[in-house]
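> quick one, what's the 3D model for this:
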Amino acid sequence: MDVRYSTSPAEARGYDTAQLRRHYLVEDVFVPGAVRLTYSHEDRVVLGGAMPGPVPLRLQADDALRTDHFCERRELAAFCVGGRGAVTVDGTPYTLSRGDLLYVGRGAAEITFASVEGAEPARIYLASAPAHRALPTTLVRGQDVAPVDLGTPESANARTLRRYIDGTHVRSCQLMMGWTQLAPGSVWNTMPAHTHARRTECYFYFDLEPDARLVHLLGEPGETRHVIVRNEQAVISPSWSIHSGAATGSYSFLWFMAGENYRFDDMDHVAMADLR
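Numbers count the residues shown, from 1 in each chain. As a prediction, the model looks like this:
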């Protein structure tokens, strides 16, 4: 498990490109035949990916957690990005196709990941946060999540938002999660930008063409920085940072948040004139 420590706005102002990428960018989310996890001290979130091959993969606790099993004091979301996967929780199997999500509540002791079709290994994105109580493990099919259209083609930010974990389909302790898809011809996400001082948010970008790149903006509104992101990479955004970006083509991203409250609309909007 890769451990990332918390950073302050003052520190980030002085980071060069390599330091920005080391602190905020998660480059290798999916590795064939492995579970890769990154632990952030920003609200103690964990993100990563499972890409099982012929042998199922077990989600194990790490010394960073100092618990007997991963979900002993945590909740987990597993989202199928590609292929077909099987997630087994304490002996109960759940099959996920692209766009399906499994919420695993606190207390689950044995979690494994497998690919249903060997020719196309499943890619299962993982997001986790500390949990104060046990809630039911719940499977959400992508087709059951109502899409909400946002933005306009004129602003190059037409997109479709699906909220999987927000207290509607799934009741979680603090984890919120959703999927945003950019329309063809649109490239901007989350602009005008916002922060939310009460929670950390992480973006996982996918559906980018191999040669496409995305410019992710981060930092304080008046002291922005950027990192260049390729397909299937993630960015950790501290509570004081904006999280926005534009790419050389259309794409999708998964967002998940954890922190002080449980309100999707708790955002501190930033006026365009205040961006620097």
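
> and whichever strand or helix holds Ala12, what does it pack against?
Element membership of Ala12, judged by DSSP states H and E, is helix 9-13. Contacts defined by 3 or more CB pairs under 8 Å, 6 or more residues apart in numbering; DSSP states H and E place helix 9-13 against strand 214-220, strand 223-229. C-beta here means a position set from N, CA and C on the backbone, and glycine is covered the same way.

> swap in 10 Å and give it another go.
For helix 9-13, the helices and strands in contact under the criterion 3 or more CB pairs under 10 Å, 6 or more residues apart in numbering; DSSP states H and E are helix 17-24, strand 214-220, strand 223-229.

> with respect to burial, which of those scores highest?
Among those, the stretch with the highest mean neighbour count (mean count of other CB atoms under 10 Å) is strand 214-220, at a mean of 22.

> quick one: strands adjacent to that one?
When pairs are called by DSSP bridges, strand 214-220 turns out to pair with strand 223-229 (antiparallel), strand 244-247 (antiparallel).

> including mean pLDDT and distance to Ala197, could these go into CSV?
As requested, these are arranged in CSV below (pLDDT from 0 to 100; distance: least, CB to CB, whole Å):
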stretch, mean pLDDT, distance to Ala197
strand 223-229, 96, 16
strand 244-247, 96, 16
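
> now render those strands as TSV, adding distance to Ile236.
What follows is the strands paired with strand 214-220, written out as TSV (distance: least, CB to CB, whole Å):
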stretch	distance to Ile236
strand 223-229	10
strand 244-247	14
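
> if we can go back for a sec, state the mean pLDDT of the helix holding Ala12.
The average of the pLDDT scores along helix 9-13 is 93.

> same check, this time on stretch 139-159
In this model, stretch 139-159 has an average pLDDT of 95.

> list the buried residues of that stretch.
Leu139, Val140, Gly142, Val145, Gly151, Asn157, Ala158, Arg159 (16 or more other CB atoms under 10 Å).

> sorry, back to before: distance from the chain centre to the helix holding Ala12, please.
Here the centre of mass of C-alpha atoms in helix 9-13, compared against the chain's by CA atoms, centre = their mean, to the nearest Å, lies 23 Å away.

> same question for it: list its buried residues.
Neighbour-count burial for helix 9-13, counted by 16+ other CB under 10 Å, picks out Ala12.

> contacts for that helix?
Taking CB atoms under 10 Å, 6 or more residues apart in numbering as the criterion, the residues outside helix 9-13 that touch it are 19-20, 23-24, 218-220, 222-223, 225, 238, 240-241.

> okay, the helices and strands packed on helix 9-13 in JSON lines with distance to Arg58 next?
Converted to JSON lines, the helices and strands packed on helix 9-13 look like this (distance: least, CB to CB, whole Å):
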{"stretch": "helix 17-24", "distance to Arg58": "28"}
{"stretch": "strand 214-220", "distance to Arg58": "32"}
{"stretch": "strand 223-229", "distance to Arg58": "29"}
